[in-house]
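Undergrad: only the shape, not the letters, is given here:
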């Protein structure tokens, strides 16, 4: 059956922050006046544990930083102070498209039904999309972790397809994460595109397609000869 629907992850798939997260975290520790006791990869590894419907991103980040602080031998309030500083420094409107992203959305509009499935607080993700005008391209946005359980649970993908009245076998999901995007999409019965892919990593689970940028999507590689 032909593909007529494309779902996209948001962060590090379509867009990225102009501010480096490492710089924001370093400035946050400086503001609190304490030596860094965790880094951005550790934060990202833990963040999905704290996704909870009804909580904003600042509250989720504060809970995450508090837990990391406790695990590293600091009191939780120190972690929350770093989270407050992080929120003061971070500007969610300072984002930019990744290579090929804007061209892909522009080219596929009208040809495919498009949607977004993203782990993240609605107010944060809406600010990013508004800065780039992304919502004009898509017919649904699912805030996984709020509207549904977080990815890789298949429910956010199923919810998006229900909103779009599309069957899984007619859809592909495009995302950068082998932990959330690829396994979640495949569990929901969609095809999975890993992009941007890391050529130095052997993917597990194996996606249906893997590209180092979104640019090759212009060739519609899912089309059979």
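TA: Received it, and whenever you're ready, just let me know what you need. Bear in mind the structure is a predicted one, so any value in this text is a computation, not a measurement.

Undergrad: so which residues of the chain form helices?
TA: With DSSP state H as the criterion, the chain has helices at 21-32, 40-47, 57-71, 76-89, 101-108, 122-132, 155-164, 181-187.

Undergrad: mind checking the ones you listed for the one nearest to residue 196?
TA: Among the helices of the chain, the nearest to residue 196 by C-beta to C-beta is helix 101-108 (9.8 Å). C-betas here are computed from N, CA, C, even on glycine.

Undergrad: ok so, going back, just name the most buried of the helices of the chain.
TA: Among those, the stretch with the highest mean neighbour count (mean count of other C-beta atoms under 10 Å) is helix 181-187, at a mean of 24.

Undergrad: closest one to residue 8 among the helices of the chain?
TA: Evaluated over the helices of the chain, closeness to residue 8 peaks at helix 101-108, with 8.0 Å, by C-beta to C-beta.

Undergrad: confirm for me that residue 211 is in contact with residue 192.
TA: No: using C-beta atoms under 8 Å, residue 211 is not in contact with residue 192, being 12.0 Å away.

Undergrad: would you turn the helices of the chain into JSON lines with distance to residue 217 and mean pLDDT?
TA: Listed next are those as JSON lines, based on distance: least, C-beta to C-beta, whole Å; pLDDT from 0 to 100:
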{"stretch": "helix 21-32", "distance to residue 217": "26", "mean pLDDT": "96"}
{"stretch": "helix 40-47", "distance to residue 217": "25", "mean pLDDT": "91"}
{"stretch": "helix 57-71", "distance to residue 217": "29", "mean pLDDT": "94"}
{"stretch": "helix 76-89", "distance to residue 217": "33", "mean pLDDT": "96"}
{"stretch": "helix 101-108", "distance to residue 217": "5", "mean pLDDT": "97"}
{"stretch": "helix 122-132", "distance to residue 217": "18", "mean pLDDT": "94"}
{"stretch": "helix 155-164", "distance to residue 217": "18", "mean pLDDT": "98"}
{"stretch": "helix 181-187", "distance to residue 217": "15", "mean pLDDT": "98"}
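
Undergrad: export the ones you listed to TSV and tack on distance to residue 95?
TA: Formatted as TSV, those follow (distance: least, C-beta to C-beta, whole Å):
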stretch	distance to residue 95
helix 21-32	12
helix 40-47	16
helix 57-71	14
helix 76-89	15
helix 101-108	11
helix 122-132	5
helix 155-164	21
helix 181-187	19
